[in-house]
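In: only geometry, no sequence info:
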């Protein structure tokens, strides 16, 4: 399977990864959630080439994860802001942070601390079940094909 | 910054992504959580080259995310099983699934449904605060450097 076909795979992970599944893109998103909006600020923070940054930002705009908003004219310059679809990636970034903090924090002290303003405490990100609110463990999950999904129906038709 | 230096960056996202931040690796992990363990089964599912699969599996073993367990001798063949550190990536995969299901499910029907055996319901994965159990929104998070972290202390010493 080629990279470009990933998005066609009948799987939410594959589709998602065809949008943001490379390191630079995920680091750009991390920076977006830290409040970085401008091309030069991404450049300064990530120390990557203009070409790669332009490519990754354009792709995120094309997929409606970031939106370009002009902040000056002559020449026109843009802020790159998270859209609603972009902000919905926050749990992905938090889950990645959580894993890194758990396994790579020297002396158990993560480099960065996050406070939840709602309750005022430094927090860890926990993934819970929408139905019972309990943390989800891998062994507690079973998976099945959704027979109501258009992809399943197309597949069934082809085989019939 | 070069790829290899990502792991040295003083950031849990960058460190994490230096371990699993490419699409194939994340798809291998998705498969691992679906119960796939054998080289040929990863090959069949992902349709990638033997070279790339070998490379990615070896890297995951090297970083203690997967462990090789022999299941036959002459010739020796291995299962690739998730370690504890690997199983701790479940929230990352669930968060990616959730985003894909939200924005890419045709007719609102995701291709795959997940049941939480503990409560018996199909679920969505929600990221909540460890302290108050409320869902975490991007605008409710503030971030600060951890002055107790060894990385911060080294940095402060260098600047002194």
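Out: Now that the structure is in, tell me what you want to look at. These numbers were taken from a predicted model, which means no experiment stands behind them.
In: use CA for all of it now, contacts and neighbours both
Out: Will do.
In: Show me what the lengthiest helix in chain A is packed against.
Out: Criterion DSSP state H: the longest helix present in chain A is helix A:90-104. When contacts are defined as 3 or more CA pairs under 8 Å, 6 or more residues apart in numbering or on different chains; DSSP states H and E, helix A:90-104 packs onto helix A:23-33, strand A:125-129, helix B:12-20, helix B:90-104.
In: Just want the angle from it to helix B:90-104.
Out: Inter-element angle recorded for helix A:90-104 and helix B:90-104: 170 degrees (by axes from the mean of the first three to the mean of the last three CA atoms, to 10 degrees).
In: quick one: contacts of helix A:90-104?
Out: A:26, A:29-30, A:33, A:108-110, A:124-126, B:12-13, B:15-17, B:85, B:88-89, B:91-92, B:95-96, B:126-127, B:137-138 (CA atoms under 8 Å, 6 or more residues apart in numbering or on different chains).
In: Mean confidence (pLDDT) on the helix or strand just after it, please.
Out: Sequence order places strand A:112-116 as the next helix or strand after helix A:90-104, per DSSP states H and E. Averaged over strand A:112-116, pLDDT sits at 93.
In: re the thing from before, any chance of the helices and strands packed on helix A:90-104 in a markdown table with distance to residue A:145 as columns?
Out: Formatted as a markdown table, these follow (distance: least, CA to CA, whole Å):
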| stretch | distance to residue A:145 |
| --- | --- |
| helix A:23-33 | 29 |
| strand A:125-129 | 19 |
| helix B:12-20 | 26 |
| helix B:90-104 | 13 |
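In: Could you provide the ones you listed in JSON lines, with additional columns for mean pLDDT and mean neighbour count?
Out: Shown next, in JSON lines, are the helices and strands packed on helix A:90-104 (pLDDT from 0 to 100; neighbours: other CA atoms under 10 Å in any protein chain shown):
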{"stretch": "helix A:23-33", "mean pLDDT": "93", "mean neighbour count": "21"}
{"stretch": "strand A:125-129", "mean pLDDT": "96", "mean neighbour count": "23"}
{"stretch": "helix B:12-20", "mean pLDDT": "88", "mean neighbour count": "22"}
{"stretch": "helix B:90-104", "mean pLDDT": "95", "mean neighbour count": "22"}
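In: Between the ones you listed, which one is closest to residue A:154.
Out: For the helices and strands packed on helix A:90-104, the distance to residue A:154 is smallest for helix B:90-104, at 16.4 Å, taking CA to CA.
In: and the angle for the closest one with strand B:125-129?
Out: Going by the same axes, to 10 degrees, helix B:90-104 makes 120 degrees with strand B:125-129.
In: And chain A, what are its domain boundaries?
Out: A:1-86, A:89-140 (automatic domain parsing).
In: which one of those domains is the most hemmed in?
Out: With neighbours defined as mean count of other CA atoms under 10 Å in any protein chain shown, the domains of chain A peak in mean count at domain A:89-140, which reaches a mean of 19.
In: can you give me how far stretch A:99-112 is from the chain middle?
Out: Stretch A:99-112 sits 20 Å away from the centroid of its parent chain (CA atoms, centre = their mean, to the nearest Å).
In: oh sorry, the question was meant for stretch A:46-58
Out: On CA atoms, centre = their mean, the centre of stretch A:46-58 falls 17 Å from that of its chain.
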